[in-house]
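**Student:** dropping the sequence and predicted coords here.
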Amino acid sequence: MERLSGDIDLKYDDTKKSLPAGFTSSAWGTLPSFVSNKGEGTNKRYGNRGNSFICIVEFGEKIKAKSLLTGGQNSSPTSSHFNDQAELFCKGSFKDVLFYKEDILKHMEKSYHP
């Protein structure tokens, strides 16, 4: 798995860092799902279809949820959140969803008021 830029049509490069993703197509009933093809002019296979977002929710007195974005939250390659969830995706792991205000306040990186 390689996320090079925020572009829709990516140019794959075997010399760039990439992560192995061992998932199959959703046609086999898997979640997460991942489909790869050999990149044009490359020797490696690169993912080009599959889940972009996965979320599991448990309803009860307090809502509990885990989620994952395939790459990261931000589409800018200069952001620390551009590719910060890619390794979790490749491992089949999830992060906690910060649903309640007190949880969000504990984990926020910065705040602003428009």
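**Tutor:** Good, I have the coordinates. Residues are numbered from 1 along each chain as shown.

**Student:** need phi/psi at the residue nearest the centre of the chain.
**Tutor:** By C-alpha atoms, centre = their mean, the chain has its centre lying nearest to Thr70, at 1.7 Å. Thr70 adopts backbone torsions of phi -50, psi -50, taken as degrees, to the nearest 10.

**Student:** one more: Asn37?
**Tutor:** phi -140, psi 160.

**Student:** about what we covered before: which ones are touching the residue nearest to the centre of the chain?
**Tutor:** Residues in contact with Thr70 (C-beta atoms under 8 Å, 6 or more residues apart in numbering) are 1, 32, 50-53, 85-86, 89. Placement of C-beta: from N, CA and C, glycine included.

**Student:** report the two of these separated the most.
**Tutor:** Met1 and Phe53 (15.2 Å; C-beta to C-beta).

**Student:** which one's more surrounded, the two?
**Tutor:** Taking other C-beta atoms under 10 Å, Met1 and Phe53 do not tie; Met1 has more neighbours (19 against 9).

**Student:** what score does the more buried one have for pLDDT?
**Tutor:** At Met1, the model reports a pLDDT of 58.

**Student:** for the one 4 residues further on, same thing?
**Tutor:** Looking at Ser5, its pLDDT stands at 65.

**Student:** ok, now Thr42?
**Tutor:** For Thr42, pLDDT reads 87.

**Student:** and the one 3 residues further on, by the same measure?
**Tutor:** In this model, Arg45 is scored at 82, pLDDT.

**Student:** count the residues that sit near it.
**Tutor:** Neighbours around Arg45, by other C-beta under 10 Å: 14.
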